[in-house]
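**Student:** I would like the atomic coordinates for the input below:
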Amino acid sequence: MTKTWLIYALGGGWGHINRALSLGRIAVNQRRIEIITNSPYAQYISKEGCLLHQISDSDSFAATCLKVREIFNTNTTKYDCLIIDTFPRGLGGELAEILPQIHNIPKILIHRDINPRYVEVKNLRSFVTENFQAVIIPGEGKDLPLGDLPGVIHTAPWLIRHPEELPDRKIVRSQILKVDDSRKIILVCAAGQISELSLFTQLTLQLHKAFPECAVRILSPYCPSEDLRDFWLFHHPGIECFAAADIVVGSAGYNTVYECASVGVPLVALPLPRLYDRQQKRASKVYQVRNIPDALFTVKQILNTVTDSQLIPNYINGAIAAVHHIANFEL
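**Tutor:** Numbering: from 1, shown residues only. Down below sits the predicted model:
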């Protein structure tokens, strides 16, 4: 009988759903994979063979928690493993009562960096120790708030494409990014919250004005404004576009930072405020800037040094190892 994994991946933007799909698309070859998501972008991307339990991002806090409880209460007996991304107690604390009642299947926590204050206030160290059989850290290093718990498993960052799956750079440039000449490509990644699109709109327009010799593009599920109609594109997964760009400008979210690093493209990152994520800390790995003028200056500095030749990406996709680690906990 085919085993079934349930991945809890609530959270806005592309980060949680992308991380879940990175894991699920590998595991789905031998298992049924179901993912709980409330990302507003989930309807625009490939499900990678996984089944999505999609909760509207417009639902109230109470309604979202209720729907999560319904999924768990109705279907828990059919799952062989529960995988919780980032929030041990659930995004709204709705798992705090549910998880202690589940004893018959393994529970795995995916520990992306989170605010230490959240860990302290919610007493997460004790909760995780008592309720999870394993904690997997997907490439975020060892200095995480829960990174010193016994038995923590480290992998490389989880990516939604293996290096050999990336399409030819020239094809992406011409067919997706719509650049048929040799201009450098500056790609703005607007993959965070919808409320931040105005910031990325201004960033894109100012990049175009400052660097007319370059092709400026903005990657987003929605065209932020009519002024950007000629610059806008949507393509998922974004890593395929990053690999064809010369510079990426965006936030310091999990996917943006590790995907750019994996394909070897410089990232100019404006860390944005988050309730739980510490983008400021992750931005220390890339070209961290504070505002749009700072971003323009940094892009200019990079353009003076970037070359036309790019190495073929050759990275380790930590999602492969994570699937094997999780499988070891199956009953």
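
**Student:** So which residues lie in contact with stretch 148-165, not counting its own?
**Tutor:** For stretch 148-165, the external contacting residues (CB atoms under 8 Å, 6 or more residues apart in numbering) are 18-19, 21-23, 25, 48, 111, 125, 128-129, 134-140, 142, 146, 237, 239-240, 254, 258-259, 261-262, 312-322, 325. C-beta: built from backbone N, CA, C; applies to glycine.

**Student:** correction: stretch 34-50
**Tutor:** Contacts of stretch 34-50 (CB under 8 Å, 6+ apart): 4-14, 16-17, 20-21, 24-25, 28, 33, 51-57, 59, 64, 68, 71, 79, 160, 191, 194, 221, 234, 236-237.

**Student:** In contact with the closest residue to Ser198 other than its chain neighbours, which residues?
**Tutor:** Nearest non-adjacent residue to Ser198, counting by CB to CB, 6 or more residues apart in numbering: Pro224, 7.1 Å away. The contact partners of Pro224, by CB under 8 Å, 6+ apart, come to 190, 197-198, 200-201, 204, 218, 232.

**Student:** among the contacts of stretch 34-50, which ones are buried?
**Tutor:** Buried members of those, counted by 16 or more other CB atoms under 10 Å: 4-14, 16-17, 20-21, 24-25, 28, 33, 52-55, 57, 64, 68, 71, 79, 160, 191, 194, 221, 234, 236-237.

**Student:** Tell me which of the contacts of stretch 34-50 fall in helices.
**Tutor:** The helices, defined by DSSP state H, take in 16-17, 20-21, 24-25, 64, 68, 71 from these.

**Student:** returning to that earlier point: now the contacts of Pro224 in TSV, with distance to Ile153, secondary structure and neighbour count?
**Tutor:** Listed next are those as TSV, based on distance: CB to CB, whole Å; DSSP: H, G, I helix; E, B strand; the rest coil; neighbours: other CB atoms under 10 Å:
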residue	distance to Ile153	secondary structure	neighbour count
Ala190	33	coil	27
Leu197	36	helix	19
Ser198	40	helix	12
Phe200	35	helix	24
Thr201	41	helix	21
Thr204	39	helix	25
Ile218	37	strand	26
Trp232	40	strand	20
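
**Student:** So which of the contacts of stretch 34-50 sit within strands?
**Tutor:** Per DSSP state E, strands hold the following members of the contacts of stretch 34-50: 4-8, 33, 51-54.

**Student:** just to revisit the earlier point, out of the ones in helices among the contacts of stretch 34-50, give me the two with the largest separation.
**Tutor:** The distance between the two most remote of the ones in helices among the contacts of stretch 34-50 (CB to CB) is 25.1 Å, for Arg25 and Thr64.

**Student:** show me what contacts Ile302?
**Tutor:** 247, 266, 268, 287.

**Student:** which one of the residues you listed has the most neighbours?
**Tutor:** Within those, Val268 tops the neighbour count with 26 neighbours, counted by other CB atoms under 10 Å.

**Student:** surely that one meets Asn291?
**Tutor:** No. Taking contacts as CB atoms under 8 Å, Val268 lies outside contact range of Asn291: 11.6 Å.

**Student:** if you go through this protein in chain order, where are the strands?
**Tutor:** Remark: strands assigned in the chain by DSSP E are 3-8, 31-37, 51-54, 81-85, 107-110, 134-138, 153-155, 185-189, 215-219, 232-233, 247-250, 267-269, 287-288.

**Student:** and the last one, what does it pack onto?
**Tutor:** Translated: strand 287-288. Strand 287-288 sits against strand 267-269, with contacts defined as 3 or more CB pairs under 8 Å, 6 or more residues apart in numbering; DSSP states H and E.

**Student:** I would like the residues contacting the strand it packs on, please.
**Tutor:** Taking CB under 8 Å, 6+ apart as the rule, strand 267-269 contacts 247-252, 256-257, 260-261, 279, 283, 286-289, 295, 298-299, 302.
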